[in-house]
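Student: From the sequence below, what's the structure:
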Amino acid sequence: MSYIAGKYDVAVIGAGHAGCEAGLATARLGMKTLIFSISLEAIANMPCNPHIGGSSKGHLVREIDSLGGEMGKNIDKTMIQIKMLNTSKGPAVHSLRAQADRKKYQAEMKHTLEKQENLEVKQGEIVNIQVENGKVTAVETDVGAIYKVKAVIVATGTYLRGKIFIGDFSKESGPDGVSASNELSNCLKKLGISLIRFKTGTPARINRRSIDLSKMEIQKGDQGIEAFSFENEPKEFEQVDCYLTYTNQKTHDIIRKNLHRSPLYAGMIEGTGPRYCPSIEDKVVRFSEKPRHQAFVEPVGLDTEEMYIQGMSSSLPEDVQIALYHTIPGLEKAEFTRPAYAIEYDCIDPSNLKLSLEYKGIDGLFMAGQINGTSGYEEAGCQGLMAGINCVQKIKGKPPIILDRTQAYIGVLIDDIVTKGTNEPYRMMTSRAEYRLLLRQDNADLRLTEIGHEIGLISEERYQKFKMKKEKIEKEIERLKQMTVKPSNEVNQFLKENRNIRIINGYKDV
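Tutor: This is a model prediction of the structure:
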């Protein structure tokens, strides 16, 4: 028996990285908001690698922060290692990457949601989105609770008809054994929304006590710590070590002999996988000339012995996984705590969205994250933030906030998926941004803080601090323009030491 459970402005379906940003944004902008998760323990879950940032993804986190989002602040609270990647290259591709304490990241984000004014967090499965005269009017849970709303943001991640594969074993499930969402897929189809199948995967987790770390290369964090959020000061903390090892010919032989047992190669998996994050069996087949592949061994958290084996995602049977892991230096006696698996799920063709992330033809229905055919926590988070912002703009009768490709990586991502669609899980990369020399991770605040303030997600206090920083930068640039560098011995020695040419005449930097 259905019943009317209340009236709200916005309902957010899903509380992963997209849903969290969406719910916080709408609530902070004054909308009475509901956020639903099939399991409250799955809020902000990291079912794959427990890290935030990385090449180009670090840019997205800084941009989320500059617009008033939460991801950067949350990883600053919960990081256990921090590194700036690509420092041997130009500053345009420098990108922060932090290893997170997985459980702490979840708990901190969950608590942030629970404390947020205007936001109610509920455990429940949404099975129906009611649409009348082309406009969203309500959502309904599996127990019959109907919530009247003005807009809905769908951020279901990999839960829509999620299906797990480990060899010839399969079952309907979301990540980490949480129930899949099956009825909502049927609802979307009834609304005339076409669904496609994508696939992703994750490696095994290993008990640390069974690993011989002495056979691996230590990967330490940076000495000079940087915060992700421009609002936070860097804080020193005791960083954990990560480790690097490699596959070998024995590993590859086991994989090749058992390819017929892989659901991917046996035709059991319909969905298209991410080309830029292939499984280990995919790597061995596609890059057969390579004698080895990297395997990074990374802690899952401070209060667990589980280690994540980055670069070793697989859908092979568990016995094959164990055998191939045991050929890798340091993992000869590895004890599995969780096997690797592939997961297949429903998503939409994002070319059916407006640039505001509202679905064309259904007023008030927004989509964000992996349902839009993207992959990655950071890609999801930025979409959730923009969907939340534009959902509020819609309710208030204001035009949407559309970031241009010249303004942000977020603008590149959304423009790419909406105008081109995607035939595989879309991953952000620096090469996708044609203005990447201008869109650095260190100047995200200069590019986007004013927009965040105008929207209402950047506080006046933070905005005034930003203005002071901007003025100091402008004054220093003006000072340098007036400065003349003379060809002294000291100057030329400095240039020589830094692999530059000596100067003969006075040089004025204009």
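Student: Direction included, what does the helix or strand where Ile35 lies pair against?
Tutor: Secondary structure from DSSP states H and E places Ile35 in strand 33-37. If you go by DSSP bridges, strand 33-37 pairs up with strand 10-13 (parallel), strand 119-123 (parallel).
Student: what's the next secondary structure element after the first one?
Tutor: For strand 10-13, the following helix or strand on the C-terminal side (DSSP H and E) is helix 17-28.
Student: For stretch 349-369, which residues meet the burial criterion?
Tutor: By neighbour count on 16 or more other Cβ atoms under 10 Å, the buried set for stretch 349-369 is 349-350, 352-353, 355-359, 362-369. Backbone N, C-alpha and C define where each C-beta goes, glycine included.
Student: returning to that earlier point: now the strand holding Ile35: average pLDDT?
Tutor: For strand 33-37, the mean pLDDT works out to 98.
Student: Following the chain past that strand, name the next helix or strand.
Tutor: Next along the chain from strand 33-37, counting by DSSP H and E, comes strand 51-53.
Student: how big is the angle separating the very next helix or strand once past that next one from helix 17-28?
Tutor: As assigned by DSSP H and E, the chain's next helix or strand after strand 51-53 is helix 57-66. Counting by axes from the mean of the first three to the mean of the last three Cα atoms, to 10 degrees, helix 57-66 lies at 10 degrees to helix 17-28.
Student: Show me the contact partners of helix 57-66.
Tutor: Outside helix 57-66, the residues that touch it by Cβ atoms under 8 Å, 6 or more residues apart in numbering are 21, 52-53, 70-73, 75, 85, 95-97, 228-231, 376-379, 381-382, 385, 408-410, 413, 428, 430, 439-442, 444-445, 447-449, 452, 458.
Student: What subset of those residues is buried?
Tutor: Here, 16+ other Cβ under 10 Å leaves 21, 52-53, 70-73, 75, 85, 95-97, 228-231, 376-379, 381-382, 385, 408-410, 413, 428, 430, 439-441, 444-445, 447-449, 452, 458 buried among the contacts of helix 57-66.
Student: What score does the nearest residue to Glu114 once chain neighbours are set aside have for pLDDT?
Tutor: The spatially closest residue to Glu114, leaving aside those adjacent along the chain, is Val121, at 5.7 Å (Cβ to Cβ, 6 or more residues apart in numbering). Per-residue pLDDT puts Val121 at 98.
Student: The closest residue to Arg28 other than its chain neighbours: neighbouring residues, count only.
Tutor: With sequence-adjacent residues excluded and distances taken as Cβ to Cβ, 6+ apart, Arg28 is closest to Leu457, at 6.0 Å. Neighbour count of Leu457, defined by other Cβ atoms under 10 Å: 22.
Student: thinking Leu457 is in contact with Gly30, fair?
Tutor: No - the criterion here is Cβ atoms under 8 Å, and Leu457 misses it with Gly30 at 11.2 Å.
Student: if we can go back for a sec, for the residue nearest to Glu114, give the beta-bridge partners.
Tutor: Under the criterion used (DSSP bridges), Val121 bridges to Ile35.
Student: list the contacts for it?
Tutor: Ala15, Gly23, Ile35, Ser37, Leu40, Ile43, Lys110, Leu113, Glu114.
Student: among the residues you listed, which two are most distant?
Tutor: Gly23 and Leu40 (13.1 Å; Cβ to Cβ).
Student: Touching both of these two, which residues are there?
Tutor: In contact with both Gly23 and Leu40: Ala15, Val121, using Cβ under 8 Å, 6+ apart.
Student: ok, these two, which is more surrounded?
Tutor: Neighbour tally, Gly23 and Leu40, criterion other Cβ under 10 Å: the higher count belongs to Gly23, 32 against 16.
Student: For the more buried one, report the pLDDT, please.
Tutor: Reported pLDDT for Gly23: 98.
Student: when you give positions from now on, start the count at 261
Tutor: With the count now opening at 261, the last piece we talked about shows up as Gly283.
Student: Return the residues in contact with it.
Tutor: With Cβ under 8 Å, 6+ apart, Gly283 has these contacts: Val270, Val272, Ala275, Thr293, Ile295, Leu373, Gln376, Leu379, Val381, Ile413, Gly648.
Student: Show me which of these is closest to Glu684.
Tutor: Ile413 (24.0 Å).
Student: State the number of residues packed around that closest one.
Tutor: So Ile413, with other Cβ under 10 Å, has 33 neighbours.
Student: Confirm that it sits in a strand.
Tutor: Yes - under DSSP: H, G, I helix; E, B strand; the rest coil, Ile413 sits within a strand.
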